[in-house]
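Q: Sequence below, structure please.
(2 chains)
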Number of protein chains: 2
Amino acid sequence: MKKVVLGIDIGATSAKLGLVDSAGNILVESNIPTPVNTSGVSAADFVKSLCEAAFVLQHQVHAPVELAGVGVGAPNANYSKGTIEFAVNLPWQNEIVPFVELMQVYFPNLPIRITNDANAAAIGEMVYGGARGMKDFVLLTLGTGLGSGIVAGGELLYGCDGFAGEIGHIIMTPDGRRCGCGRQGCLETYVSATGLKQTAFEVMSHRYFTEKSLLKAVSFNEITPKYIADAALQGDSMALEVFERTGKMLGLALANTVAFSSPEAIFLYGGLTNSGNLLLNPTSKSMKENMLKNYYRRTCQGQLLPELNTQLLLSHLCNKNGAVLGAAALVWHKI
Amino acid sequence: MKKVVLGIDIGATSAKLGLVDSAGNILVESNIPTPVNTSGVSAADFVKSLCEAAFVLQHQVHAPVELAGVGVGAPNANYSKGTIEFAVNLPWQNEIVPFVELMQVYFPNLPIRITNDANAAAIGEMVYGGARGMKDFVLLTLGTGLGSGIVAGGELLYGCDGFAGEIGHIIMTPDGRRCGCGRQGCLETYVSATGLKQTAFEVMSHRYFTEKSLLKAVSFNEITPKYIADAALQGDSMALEVFERTGKMLGLALANTVAFSSPEAIFLYGGLTNSGNLLLNPTSKSMKENMLKNYYRRTCQGQLLPELNTQLLLSHLCNKNGAVLGAAALVWHKI
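A: Prediction:
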């Protein structure tokens, strides 16, 4: 019988499920709504719904399959403890939910692993994507916020408490922008969908008030990364500056990341990567400008070359269901 | 026969050698001068002198011993390649020296490992010091510069090129102080013996010119971290501000480090730690102020406690020959 792993990606609005084979094919998939914060749905009831949806899925596969394990990606998930802890976008924001324990009732004797969505995406990249064969790489998820998964020596960094890899909350500018975490100046307040919007308004607040820009036609509530990107592609100078500023900040953060773990590659994943070279070019430029010489390639005679040891790449799973693949890879990686 | 490892610490002025047993006792030790930059001594000749000094050392032990390997800590050493590359404080600053290969001639069939001094100190802390039993920790060496060794999941981070762990060259302030690496605003320009001196002059340049301070009696060439610390201990307000500023910057860098690898502890090692609580107190305060909530301890009910998951500690090897122990530990760690 073909072995499959159940991959689950729990987002703020829906939970996606898929049965994934060892080659990274999603044989069948479905989704159920994630209960809203005010719903009062208990974690146990949600796990029950999830597992029922998974049982239905198992019956939708044409050929008989053997379930080899369950991998879950979820916000604020703790790999070491198998818990989801104080997740602000889920109805259990004041609880430590023993998620693995709750699922184990429905899947006794199967390995069940949980980690945060960015870590799952990094494992997905390693097992199925562009990081195959790499021992040291970093993946950043650029969405509403900025998540990260760090792989060093072939293993994901979890740290002493399961919470390693919060590059989005590295403070870039003390006294900078207010962050949802309660502090100021975190990377994700500049480099994320929301950060990009704020930078658009920062640019409008700085430039001559007579300058024309497509950005000036929309409200803060209406503006989107896509709108800014479309404006930039039409040559809108302010929109281009938004990407310049974002890339400058991201490039600095990436140079600092390299001084930490010197990865072979840094992968960008998530919605913001749709802006392509608009973001990649200024990021790559700033990353090089801010990079310590040690991390530049050299000739055998010691002459510096213009390339870095660390490649900046787009995730190979950007247009696939990377989150479900990553969740499944969490188990496949250990089989 | 008792097994020992030859530990060698190559500094800018001298190279220290010691035979170290598995318990971390240095049975015998000696040192030879490191040739100065302008000496024209070849790397091969220096290695010959080192190995001859080691042979002499082996004959000075009273009981017969069996040499189990050689560990070397050196600036700009590359663990993966066994080389010392473009080390600005050694006479081979424009060369890639195949150090392990050169030594292997004198010690055929023995394992020989080389890494930079900060990495060696981190391994020493893990094998013989306060990090025994820890899987995730970071060690910073606060000397003339700032070096670092990062251990994650029980292994030292080397990265794709052997150069991981350059926390001293994380850019804290774009357009900040000029660094020896050619860039600006690196952590080590603020947090190191030289950084402390510069901060003393920064403080004098900012405060009312009428204020009295012991710092005002000495030149830039004459001032030392010890002088500033002694002044601070006498209540000198400007000297105290020097440590406040240094600790504030270091604490921010440590909070960012935790967001990266979430270590169980961060150890401080090296000359600057002689200032004790003068540096530790403001560092600890700033580290807490800048720390993401995830990394605070909590009660089972989720209430935040005032302690962090990561302890800030002084190295247990500060008053021992930590560099030689660390170099030897590089081999003991793998036996």
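Q: Roughly how far does residue A:30 sit from residue A:123?
A: 22 Å (CB to CB, to the nearest Å). (Each C-beta comes from the backbone N, C-alpha and C, glycine too.)
Q: who has more neighbours, those two?
A: residue A:123 (29 against 14; other CB atoms under 10 Å in any protein chain shown).
Q: any idea whether that one is helix, strand or coil?
A: Recorded secondary structure, residue A:123: helix (DSSP: H, G, I helix; E, B strand; the rest coil).
Q: how about the nearest residue to it, chain neighbours excluded?
A: Nearest non-adjacent residue to residue A:123, counting by CB to CB, 6 or more residues apart in numbering or on different chains: residue A:329, 4.5 Å away.
Q: domain assignment for chain A?
A: A:2-129+A:320-332, A:137-314 (automatic domain parsing).
Q: Make a markdown table from those and add mean pLDDT and distance to residue B:109 to it.
A: Listed next are the domains of chain A as a markdown table, based on pLDDT from 0 to 100; distance: least, CB to CB, whole Å:
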| stretch | mean pLDDT | distance to residue B:109 |
| --- | --- | --- |
| domain A:2-129+A:320-332 | 93 | 36 |
| domain A:137-314 | 95 | 27 |
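Q: Can you tell me which of these is nearest to residue B:245?
A: domain A:137-314 (12.6 Å; CB to CB).
Q: now the strands for the stretch 101-250 of chain A?
A: A:112-115, A:137-142, A:146-152, A:155-156 (DSSP state E, counting those that start in this stretch).
Q: From the contact counts, what lies against the shortest one?
A: Using 3 or more CB pairs under 8 Å, 6 or more residues apart in numbering or on different chains; DSSP states H and E as the contact criterion, the elements in contact with strand A:155-156 are helix A:117-128.
Q: The helix it packs on packs against which elements?
A: strand A:2-10, strand A:65-73, strand A:137-142, strand A:146-152, strand A:155-156, strand A:265-269, helix A:322-332.
Q: now it: how far from the chain's centre is it?
A: In terms of CA atoms, centre = their mean, to the nearest Å, the centre of helix A:117-128 is found 9 Å from the chain centre.
Q: quick one: that helix to helix A:322-332, angle?
A: Put simply, helix A:117-128 runs at 70 degrees to helix A:322-332, going by axes from the mean of the first three to the mean of the last three CA atoms, to 10 degrees.
Q: what's the most buried one of the strands of the stretch 101-250 of chain A?
A: Of the strands of the stretch 101-250 of chain A, the one with the most neighbours on average (mean count of other CB atoms under 10 Å in any protein chain shown) is strand A:137-142, at a mean of 30.
Q: Show residues contacting that one.
A: A:117-118, A:121-122, A:125-126, A:131, A:146-151, A:167-168, A:191-193, A:257, A:261, A:263-273, A:315 (CB atoms under 8 Å, 6 or more residues apart in numbering or on different chains).
Q: got the buried residues for the longest helix along chain A?
A: The longest helix of chain A (DSSP state H) is helix A:237-261. By neighbour count with 16 or more other CB atoms under 10 Å in any protein chain shown, helix A:237-261 contains the buried residues A:238-261.
Q: again, but for stretch A:303-317
A: By neighbour count with 16+ other CB under 10 Å, stretch A:303-317 contains the buried residues A:308, A:309, A:310, A:311, A:312, A:313, A:314, A:315, A:316, A:317.
Q: Angles on the backbone of the third one, please.
A: Which is residue A:310. Backbone dihedrals for residue A:310, given as degrees, to the nearest 10, come out at phi -100, psi 120.
Q: so what's the closest residue to it other than its chain neighbours up against?
A: Ranked by CB to CB, 6+ apart and with sequence neighbours excluded, the top spatial neighbour of residue A:310 is residue A:258, at 5.1 Å. Neighbouring residues of residue A:258 by CB under 8 Å, 6+ apart: A:266, A:287, A:291, A:292, A:295, A:308, A:309, A:310.
Q: now do residue A:43
A: Contacts for residue A:43 (CB under 8 Å, 6+ apart) come out as A:84, A:91, A:92, A:95, A:97, A:99, A:102.
Q: and the end-to-end length of stretch A:250-270?
A: Start and end residues of stretch A:250-270 are separated by 15 Å (CA to CA, to the nearest Å).
Q: next one: that stretch to chain centre, how far?
A: Distance, stretch centre to chain centre, for stretch A:250-270: 14 Å (CA atoms, centre = their mean).
Q: same check, this time on stretch A:260-280
A: With CA atoms, centre = their mean, you get 10 Å for stretch A:260-280.
Q: swap in stretch A:82-99?
A: 19 Å.
Q: Now the phi/psi pair for residue A:312, please.
A: Dihedral angles (degrees, to the nearest 10) for residue A:312: phi -100, psi 120.
Q: Run through the residues that contact it.
A: Counting by CB under 8 Å, 6+ apart, residue A:312 has contacts A:254, A:265, A:266, A:268, A:280, A:283, A:284, A:287.
Q: do you know how far the first one is from residue A:327?
A: Right, the one you point to is residue A:254. 26 Å.
Q: before we move on, what about the third one?
A: Separation of residue A:266 from residue A:327 (CB to CB) stands at 22 Å.
Q: and these two? which has more neighbours close in?
A: residue A:327 (34 against 24).
Q: Might one say that the more buried one is in contact with residue A:73?
A: Yes - Residue A:327 lies in contact with residue A:73 (CB atoms under 8 Å); the separation is 4.2 Å.
Q: any residues in contact with both of those two?
A: Shared contacts of residue A:327 and residue A:73, defined by CB under 8 Å, 6+ apart, comprise A:7, A:8, A:9, A:120.
Q: Now do the contacts for the second one.
A: If I follow you right, that is residue A:8. A:15, A:16, A:17, A:50, A:54, A:70, A:71, A:72, A:73, A:74, A:324, A:327.
Q: Mind listing the residues bridging to it?
A: When bridges are called by DSSP bridges, residue A:8 pairs up with residue A:17, residue A:72.
Q: and it, how far is that from residue B:234?
A: On the measure of CB to CB, residue A:8 and residue B:234 end up 63 Å apart.
Q: And residue A:54, by the same measure?
A: Where residue B:234 is concerned, residue A:54 sits at a distance of 69 Å (CB to CB).
Q: and the residue of the stretch 201-335 of chain A nearest chain B?
A: residue A:262 (2.6 Å; CB to the nearest CB).
Q: excluding its backbone neighbours, what's nearest that residue?
A: Leaving out its chain neighbours, the residue that sits closest to residue A:262 by CB to CB, 6+ apart is residue B:159, at 2.6 Å.
Q: what's near enough to touch that neighbour?
A: By CB under 8 Å, 6+ apart, the contact set of residue B:159 is A:136, A:152, A:261, A:262, A:263, B:165.
Q: For residue A:157, which residues are in contact?
A: Taking CB under 8 Å, 6+ apart, we find residue A:157 in contact with A:150, A:151, A:164, A:165, A:261, B:152, B:153, B:260, B:261, B:262.
Q: contacting residues around residue A:66?
A: So residue A:66 contacts A:1, A:2, A:3, A:4 (CB under 8 Å, 6+ apart).
Q: Would you convert these into TSV that also reports neighbour count?
A: Below are these laid out as TSV (neighbours: other CB atoms under 10 Å in any protein chain shown):
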residue	neighbour count
A:1	8
A:2	13
A:3	13
A:4	26
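Q: Widest-spaced pair of those?
A: Farthest-apart pair in the contacts of residue A:66 is A:1 and A:4; separation 9.3 Å (CB to CB).
Q: Between those two, which contacts overlap?
A: Common contacts of residue A:1 and residue A:4, defined by CB under 8 Å, 6+ apart, comprise A:65, A:66.
Q: residues of stretch A:195-213 that come out buried?
A: A:195, A:196, A:197, A:198, A:199, A:200, A:202, A:203, A:204, A:213.
Q: between these, which is nearest residue B:300?
A: Of all the buried residues of stretch A:195-213, residue B:300 sits closest to residue A:195, with 34.8 Å by CB to CB.
Q: Quick check: the gap between that closest one and residue A:189.
A: Using CB to CB, one gets 5 Å for the distance from residue A:195 to residue A:189.
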